[in-house]
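Asks: Structure, please.
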Amino acid sequence: MNLSIFKSYDIRGIYPTELDDETAERIGRAFVQHLGAPAVAVGRDMRPSSRPLFEAFARGATAQGADVIDLGLTSTDELYFSVGKFAYPGGAMITASHNPKDYNGFKLCREQAIALSGDTGVFAIRDLAARGGFSTPRTTGRIIARNPLPEFVQHCLSFIDVTSLRPLTIAIDAGNGMAGLIVPAIFRHLPCKVIPLYFELDGSFPNHPASPIEAENMADVQRAVREHKADLGVAFDGDADRMFITDERGELVGGDMVTALVAKMLLRKHPGAKILYNLISSRSVPEVIKGEGGIPVRTRVGHSHIKAIMREENAVFGGEHSGHFYFRDNYYADSGLIALLVVLELVSREGKPVSELLRPLDTRFRSGEINTHVDDIPAKLALLESHYSSASEIDHLDGVTVNYPTWWYNVRPSNTEPLLRLNVEADTREELEAKREEVLALIRS
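Replies: Numbering: from 1, shown residues only. This next block holds a predicted model:
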């Protein structure tokens, strides 16, 4: 087995050289034994390797005594919903999300859609799969087909008042991923006009990578918004759990600004609620949450941290710059689709274009994430902290965050590579550019 495919948040590698069918079968057995689960739900995306990986995983899971609930082609948020709604002891989504066509993998969760990370199960499953020695079950499990899509559609729609939606025109880029299956099932219940881009399920990604966090992969939906004079544009990643939007001019909207928009709408329905945002979101996000009467809670980057804190705090919503949006009433799991529906309700109720809704919120300037290879990460972090010792505040929630009255930066290590990830925000573009270059020079010296 290639142990490098087991990551901090999931299992992922090139098929079949790094992740093959035999490994998938062992992962299926190890997953069932680790959870002690009598049944597990399994969904898969549209990649050509997803079907053989499902069959191999199911062989292992059933050989270990568990029934496999075959959800067929699903999005990752539909898999999480199914585990929560139907009270399955565990779930596995076969996908490599936004990665290129040669990749595939598994996102694993336990009961109530609680995601497994490296420390909470993925590495234990890795070790068990590698050494073997599986226990002998009393019976062999069965494969049982189930289509959760009708219930999932109604669940997503329950987050909004459908009657409040105006007949908006929306350009939607499915990236040949699972949104091509899920989006039509949702929008047939809405008064909106959809301009569809790349809704055909095709795991070879013939048009562009299904990774909308990269600006170049948003170009087609930006063009469609302008050509059709749409009210907004949307692009999903391959397994359709993340989404990014554009305004009515085709201008890109950051994930942290989407967090602010969703927070505004949800706080009208849940006054005084707690809302989480990760520490590289704009300062505008907690300002919006406070301004709408909510309680902002700042967290580390990463879904396993955010979901755990949401449960502890009973937070109604959490958002990340990376297009992940988490909802308490969605089993604390992420769903870009639900976030989109909430934004559509806000736009409809306000009767204003997206750019106008953002104008009073999006007032600062951000660098985006800049990665640099660093040999000695602890030494570099210590150097940065020492250089900016005059800051009004320095914290270590995730890497090092240095705050000044008109600008701040966070630099944090990658979980998987010798990289430092830098994010800078400032009140003016000039200060942003100056401070970004200043901090980068120190990192790269």
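
Asks: where do the strands sit along the stretch 301-445 of the chain?
Replies: With DSSP state E, counting those that start in this stretch as the criterion, the stretch 301-445 of the chain has strands at 317-319, 325-327, 365-366, 370-373, 393-395, 400-403, 407-413, 419-426.

Asks: Give the buried residues for the helix or strand harbouring Ala224.
Replies: Per DSSP states H and E, Ala224 falls inside helix 219-228. Going by neighbour count (16 or more other CB atoms under 10 Å), the buried part of helix 219-228 is Asp220, Val221, Gln222, Ala224, Val225, Arg226. Glycine gets a C-beta too; all of them are placed from N, C-alpha and C.

Asks: which of the residues you listed lies closest to Arg349?
Replies: Minimum distance to Arg349 across these is 21.1 Å, recorded for Val225 (CB to CB).

Asks: got a list of what Leu232 touches?
Replies: Neighbouring residues of Leu232 by CB atoms under 8 Å, 6 or more residues apart in numbering: Leu168, Ile170, Ala171, Val225, Ile245, Thr246, Asp247, Glu248, Val343, Val347, Val354.

Asks: which one is it nearest to, not counting chain neighbours?
Replies: Closest residue to Leu232 apart from its sequence neighbours, by CB to CB, 6 or more residues apart in numbering: Val354 at 5.2 Å.

Asks: That neighbour: what's it in contact with?
Replies: Going by CB under 8 Å, 6+ apart, Val354 touches Asp231, Leu232, Ile245, Thr246, Asp247, Glu248, Val253, Leu261, Val343, Val347.

Asks: Kindly report the same for Gly121.
Replies: Applying CB under 8 Å, 6+ apart, we find Gly121 in contact with His34, Leu35, Leu108, Arg110.

Asks: Report the central residue of this protein.
Replies: Compute the mean C-alpha point of the chain, and by CA atoms, centre = their mean the closest residue is His324, 3.3 Å away.

Asks: Look up which residues are beta-bridged to the closest residue to that one other than its chain neighbours.
Replies: Using CB to CB, 6+ apart and skipping residues adjacent in sequence, the residue nearest His324 is Asp334, 4.6 Å away. Here Asp334 sits in beta bridges with Tyr326, going by DSSP bridges.

Asks: circling back: moving C-terminal of the helix holding Ala224, what's the next helix or strand?
Replies: Scanning forward in sequence from helix 219-228 by DSSP H and E, the next helix or strand is strand 232-236.

Asks: For that next one, which strands pair with it and how are they oriented?
Replies: Strand 232-236 has the following sheet partners, assigned by DSSP bridges: strand 169-173 (parallel), strand 243-246 (antiparallel).

Asks: who touches the first one?
Replies: If I follow you right, that is strand 169-173. 179, 183, 192-198, 212, 218, 220-221, 224-225, 228-236, 344.

Asks: likewise stretch 389-397?
Replies: Applying CB under 8 Å, 6+ apart, the external contacts of stretch 389-397 come out as Leu279, Arg298, Thr299, Arg300, Glu385, Tyr388, Val400, Thr401, Val402, Asn403, Tyr404, Pro405.

Asks: Out of those residues, which comes closest to Met310?
Replies: Among these, Thr299 lies closest to Met310 (CB to CB), at 8.7 Å.

Asks: hey, what's the closest one bridged with?
Replies: Beta bridges link Thr299 to Asn278, judged by DSSP bridges.

Asks: if I look at Asn217, how far off is Leu419?
Replies: Asn217 sits 21 Å away from Leu419, going by CB to CB, to the nearest Å.

Asks: how far does stretch 35-49 stretch from start to finish?
Replies: End-to-end distance of stretch 35-49: 25 Å, with CA to CA, to the nearest Å as the criterion.

Asks: Buried residues of that stretch, list them for me.
Replies: For stretch 35-49, burial by neighbour count (16+ other CB under 10 Å) applies to Leu35, Ala37, Ala39, Val40, Ala41, Val42, Gly43, Arg44, Asp45, Met46, Arg47, Ser49.

Asks: Return the member of those residues nearest to Ser97.
Replies: Relative to Ser97, the closest of these is Asp45; by CB to CB it sits at 8.3 Å.

Asks: who's in contact with that closest one?
Replies: Neighbour list for Asp45: Leu73, Thr74, Ser75, Met93, Ile94, Thr95, Ala96, Gly177, Met178, Gly203, Gly238, Asp239 [criterion: CB under 8 Å, 6+ apart].

Asks: What backbone torsions are found at it?
Replies: Per-residue torsions, Asp45: phi -90, psi -170 (degrees, to the nearest 10).

Asks: Quick check: phi and psi at the residue nearest to it when sequence neighbours are not counted.
Replies: Spatially, and ignoring its direct neighbours in sequence, Asp45 is nearest to Thr95 (4.2 Å; CB to CB, 6+ apart). Main-chain torsions, Thr95, degrees, to the nearest 10: phi -170, psi 160.

Asks: Just confirm Thr62 contacts Ile144, I think it does.
Replies: No: the criterion here is CB atoms under 8 Å, and Thr62 misses it with Ile144 at 10.3 Å.

Asks: joint contacts of these two?
Replies: Common contact partners of Thr62 and Ile144 (CB under 8 Å, 6+ apart): Val68.
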